[in-house]
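# Build me a structure from this.
(one chain, ligands or ions: 1)
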Amino acid sequence: MNRGLGRLDDLPRVRLATDPTPLDRLENLEQLVGGPRLYAKRDDCQPLAFGGNKMRQLEFYFGAARAQGADTVLITGAVQSNFCRLCAAFAAKLGMQCHIQQEERVAKDDPLYRTSGNVLVERLLGAELHSYPHGEDEAGADARLEELAAELRAQGRSPYVIHLAPGHPPLGALGYAVAARELVGQLDDLGIEPDAYVVPSGSGATHAGFLFGLRALGRETPVLGVCVRRGADLQAPRLVTRCGEIAELLDLENPVAEADVQVTDAFLAPGYGQLNSATRDAILAGASHEALMLDPVYSGKTMAGFLDRARQAASGETLVFLHTGGTPALFAYANTLAEAAAWDGA
Ligand SMILES: *Cc1c(COP(=O)(O)O)cnc(C)c1O
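Numbers count the residues shown, from 1 in each chain. As a prediction, this is how the structure comes out:
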């Protein structure tokens, strides 16, 4: 199994993700853009609580939490965070407590944003919700989580904190090194050598882990990261750092060169968690042509980048879209999407 991925299979991991997720051909979108062959790796089809990319990431965080004997997990994120929602799902499944800190990353007073989508699911899963007034203070959000953890410890619980800021081992990224190995196996079985992968780039755990996994397995296929959180000038160096940290975790030489880190922020505006017309069009194209559900924050923006790349592709090229989920956010953004439906052509 360990073809070049070092200690990956020796690290603690709680296996709740489906392995493998489907790899689907997108023939209707192929007709729409004309030219390349298109595939989607369906990590939106994970089994717990609407699935998504955080399933693979949380397998390693909960592995570490359990190895430490934790009975409670704390996590921080945007109000409509898929990471927080799936953390609550893991905790429910494993009989642990989950504390979620909601940051104010997106200026929205829409009641649906605050009560529906991921927030509704978190409540159903039995998580405890806390609020944090800032949205761009990663270290501050972590410090507040540590305070909560100290209070819980004083009450006799054993908390485990999933940190947000860089500087902590990127355990979640390992889940995407696993995904790279899995996807390469699926493509090899079909005899397909893709010309590019298109993936979202938020915290960078998915993008860095996937890129690292591919290169460690000796695959040189380009990976285009679509920025969903911050501009390319900040995201590219963040990924370089993340890849170095993954190498340390796995006790490997870093196989990722700086030139391997490709990011575009052409679909980010006006900012994190805010819709633009290219993303609206991508959400509608994915739904109406392939019955794919894409969200306005992550997978819709990534699909906008994928379709843009596909329109520039030569015929005979093969492109693979990594569908990272985000489905519940659609309901929280219902009003935004309804307004956007009336926007003039992109
Ligand atoms: C978190 C998230 C991303 C971004 O993943 P990172 O590992 O943070 O870069 C992409 N898509 C969805 C649906 C997410 O929830």
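
# So what's the residue count around the residue of the stretch 1-150 of the chain found nearest the ligand?
In the stretch 1-150 of the chain, the residue that lies nearest the ligand is residue 82 (3.3 Å; C-beta to the nearest ligand atom). Bear in mind the C-beta positions are built from the backbone N, C-alpha and C, glycine included. Residue 82 has 30 neighbours, counted by other C-beta atoms under 10 Å.

# ok, now the one 10 residues further on?
Burial measure for residue 92: 17 neighbouring residues, criterion other C-beta under 10 Å.

# Would it be right to say that residue 200 lies in a strand?
Yes: assignment of residue 200 by DSSP: H, G, I helix; E, B strand; the rest coil places it within a strand.

# Not counting sequence-adjacent ones, nearest residue to it?
Spatially, and ignoring its direct neighbours in sequence, residue 200 is nearest to residue 302 (4.3 Å; C-beta to C-beta, 6 or more residues apart in numbering).

# likewise residue 157?
residue 72 (4.8 Å).

# all strands for the stretch 151-300 of the chain, in order.
With strands called from DSSP state E, counting those that start in this stretch, the stretch 151-300 of the chain shows them at 159-161, 196-201, 223-227, 262-264.

# which one of those lies closest to residue 252?
Smallest distance to residue 252 across those (C-beta to C-beta): 17.9 Å, for strand 223-227.

# what's the angle between that closest one and strand 196-201?
Counting by axes from the mean of the first three to the mean of the last three C-alpha atoms, to 10 degrees, strand 223-227 lies at 30 degrees to strand 196-201.

# and strand 223-227, anywhere near the ligand?
No: against the ligand, strand 223-227 shows no contacts by C-beta under 6 Å from any ligand atom, the least distance being 8.2 Å.

# Next: stretch 302-315.
No: under the criterion of C-beta under 6 Å from any ligand atom, the ligand is not reached by stretch 302-315; the shortest gap measures 7.0 Å.

# Give the buried residues for that stretch.
By neighbour count with 16 or more other C-beta atoms under 10 Å, stretch 302-315 contains the buried residues 302-310, 313.

# ditto for stretch 120-131
Residues 121-122, 125, 127 are the ones in stretch 120-131 that count as buried (16+ other C-beta under 10 Å).

# mean confidence for stretch 324-339?
Confidence for stretch 324-339, expressed as mean pLDDT, is 96.

# At the geometric centre of the chain, which residue sits there?
Centroid-nearest residue in the chain: residue 53, 4.5 Å away (criterion: C-alpha atoms, centre = their mean).

# hang on, the earlier thing: out of the buried residues of stretch 120-131, list just those in helices.
Residues of these located in helices (DSSP state H): 121-122, 125.

# Mind putting the residues you listed into a markdown table with pLDDT and distance to residue 227?
A markdown table is the format used below for those (pLDDT from 0 to 100; distance: C-beta to C-beta, whole Å):
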| residue | pLDDT | distance to residue 227 |
| --- | --- | --- |
| 121 | 98 | 26 |
| 122 | 98 | 26 |
| 125 | 98 | 30 |
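
# Check the residues you listed against residue 254 and report the nearest one.
Nearest to residue 254 among those is residue 122, at 36.0 Å by C-beta to C-beta.

# Skipping its backbone neighbours, what lies nearest the closest one in space?
Spatially, and ignoring its direct neighbours in sequence, residue 122 is nearest to residue 88 (4.8 Å; C-beta to C-beta, 6+ apart).

# would you turn the strands of the stretch 151-300 of the chain into TSV with mean pLDDT and mean neighbour count?
Below are the strands of the stretch 151-300 of the chain laid out as TSV (pLDDT from 0 to 100; neighbours: other C-beta atoms under 10 Å):
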stretch	mean pLDDT	mean neighbour count
strand 159-161	98	21
strand 196-201	98	26
strand 223-227	98	26
strand 262-264	98	19
